[in-house]
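Colleague: Just a sequence and a predicted model for now, questions to come.
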Amino acid sequence: MKRSRNVKIVATLGPASETYETIRALHEAGADVFRLNMSHGSHEEIAEKYRIIRQVEQDLESSIAILADLQGPKLRVGVFANGSEELEEGAKFRLDLDEAEGDATRVCLPHPEIFQALENGAHLLVNDGKIRLTVENCGADFADCIVENGGTISNRKGVNVPDVFLPLAALSEKDREDLEFVCQLGVDWLALSFVQRAKDVFEAKGLADGRASVLSKIEKPQAVEQFAEILDASDGIMVARGDLGVELPVAAVPPIQKRLVRKCRAAAKPVIVATQMLESMIESPMPTRAEVSDVATAIYEGTDAIMLSAESAAGQYPIEAVQTMDKVATEVEVDPTYTQIIAASRTAKGDSIADGIVAAAREIAEKTDIKAICCFTQSGTTALLTARERPGVPIMALTPLHRTARRLALSWGCNCVVIPGQERFKGAVVSAARAARAGGFAEAGDQIVVTAGVPFNVPGTTNILRVAPCDERLIYSLDPE
């Protein structure tokens, strides 16, 4: 499905968006990727959503990426005898391993790993950071704290520990079961929560075993510190600003977002900016001006994708939220300032033949009357390198593999087309011309740039670039052999 913009839209599915009619409408409105939140719903419910997405894909003949977001370990306090308590600023409060019901002075924190890692002076954040505790004294089974920011604490509220590395695996037992289940289903991407180091990513990739690409969620300060190694290990990145904004000062999040997006682009790996992008649209048909500016900022930064969470999963206006993102993206990308920013942030990267080919393709397309860059790709690498260049003309990613086309649906500017495998370059050029005309990217008489690797069907062999007419008779007359 041809879009009028290059940035992709990720829509989370949930109670507000689980029928065929709604999912199809979301895709037609602009959703390129559907996120399945493994924190909610049974395997049977997840499988049904997956089935519907693939049915929509088949009915609309459009490659759709499916992202399964693993829950990760959840750190929560225990329960209170009264259900909740009010913590006053300056009061003392103990966290321990005693499973007895809590009161205004203590509560169980059933995670011995936290106590093993805590140090005096460390902070614990409860209920998305609304309550802030400072550790005064701690041991193997307790932490005596001072309440810095008070408030209501209630049963099973989440706990964040921003100051220390926690000796916890990113994959819980539930995550391992979910990972195997969704890989057998056939999802294209796995989002890995609670990433603290590259080792966490390697573990998930080993379990996925090539069945799905792994995208690391950056939501902890330790992940920001270890980002270079995590990026190198990952297939993609999600800047999860919600948890990141809890564990770090909120003022630190925007510059971190900007840095991470640029590093992902330089590495030719897709990056999603996520959380609270149009949150007011959960209940309102119109976003706030600040939310629109937030979405626009991420697009100006060059992100591959922007994401809706509760807005499309549980909100009252899921389709309108996608339409809003689509309109903002379309408006930003025709702004001359956007072109200038993208060009100014383009960084030379890599010294391989493939790097040179895609850079040349972008430059030729921008300096001459080229309608599209058509790249033949087996694994998706050539398309990702082309997307890194952020060319001013459409990218057509041509592949014989449905799996590759679906994974590329997350990447900036990639219009994915599944075509039969090619044996000779001339036939590939003819196929590219046909695909460009059929997709509405070019007409007979127009010119396209075609990149490919010979021999065909071998990943990582991009070594040919050709400017070709979108007219098969001209192709054959120029290259009659």
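Modeller: Now that the structure is in, tell me what you want to look at.
Colleague: which of the residues in the helix or strand containing E21 are buried?
Modeller: Per DSSP states H and E, E21 falls inside helix 20-29. Of all the residues in helix 20-29, those buried under the rule 16 or more other C-beta atoms under 10 Å are T22, I23, R24, A25, L26, H27, A29. Backbone N, C-alpha and C define where each C-beta goes, glycine included.
Colleague: hey, which helix or strand in this structure has the poorest pLDDT?
Modeller: helix 472-478 (a mean of 63; mean pLDDT, DSSP states H and E).
Colleague: can you pull the contacts of the spatially most central residue of the chain?
Modeller: Residue closest to the mean C-alpha point of the chain, counted by C-alpha atoms, centre = their mean, is I272 at 3.6 Å. Residues counted as contacts of I272 (C-beta atoms under 8 Å, 6 or more residues apart in numbering) are V10, L215, G236, I237, M238, V239, T303, D304, A305, I306, M307, L410.
Colleague: how much space between it and R106?
Modeller: 40 Å (C-beta to C-beta, to the nearest Å).
Colleague: same check, this time on V7
Modeller: 48 Å.
Colleague: neighbour count winner among these two?
Modeller: Taking other C-beta atoms under 10 Å, V7 and R106 do not tie; V7 has more neighbours (24 against 21).
Colleague: Does that one touch V328 like I think?
Modeller: No - taking contacts as C-beta atoms under 8 Å, V7 lies outside contact range of V328: 9.4 Å.
Colleague: which residues are common contacts for those two?
Modeller: By C-beta under 8 Å, 6+ apart, the residues touching both V7 and V328 are I299.
Colleague: in terms of contact, does A432 touch C374 like I think?
Modeller: Yes - with contact defined as C-beta under 8 Å, A432 reaches C374; the gap is 3.9 Å.
Colleague: so L133 sits in a strand?
Modeller: Yes - L133 forms part of a strand when assessed by DSSP: H, G, I helix; E, B strand; the rest coil.
Colleague: which residue packs closest to it, ignoring adjacent ones?
Modeller: C145 (3.9 Å; C-beta to C-beta, 6 or more residues apart in numbering).
Colleague: For the one you found, list the residues it contacts.
Modeller: Here C145 is in contact with K92, F93, R94, L95, L124, L133, T134, V135, E136 (C-beta under 8 Å, 6+ apart).
Colleague: let's go with 10 Å and repeat that
Modeller: Contact partners of C145, counting by C-beta atoms under 10 Å, 6 or more residues apart in numbering, are 87, 91-95, 106, 118, 122-124, 132-138.
Colleague: Can you tell me the element it falls in?
Modeller: Per DSSP H and E: strand 142-149 holds C145.
Colleague: ok, that strand: who's next to it in the sheet?
Modeller: Sheet pairing of strand 142-149 (DSSP bridges) gives strand 92-96 (antiparallel), strand 131-139 (antiparallel).
Colleague: Quick one: name whatever helix or strand follows it.
Modeller: Assignment by DSSP H and E places the next element after strand 142-149 at strand 151-154.
Colleague: Tell me which other helices or strands the helix or strand just after that next one touches.
Modeller: Next helix or strand after strand 151-154 toward the C-terminus (DSSP H and E): strand 159-160. Applying 3 or more C-beta pairs under 10 Å, 6 or more residues apart in numbering; DSSP states H and E, one finds that strand 159-160 contacts strand 123-126, strand 131-139, helix 241-247.
Colleague: switch the cut-off to 8 Å
Modeller: strand 123-126, helix 241-247 (3 or more C-beta pairs under 8 Å, 6 or more residues apart in numbering; DSSP states H and E).
Colleague: Can I get the first one in CSV, CA atoms only?
Modeller: Okay, so that is strand 123-126. Provided in CSV are the C-alpha atoms of strand 123-126 (Å, rounded to 0.1, in the frame of the first residue of the first chain):
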residue,chain,number,x,y,z
HIS,A,123,16.6,5.5,45.1
LEU,A,124,13.5,3.4,44.6
LEU,A,125,10.6,4.8,42.6
VAL,A,126,7.1,3.4,43.2
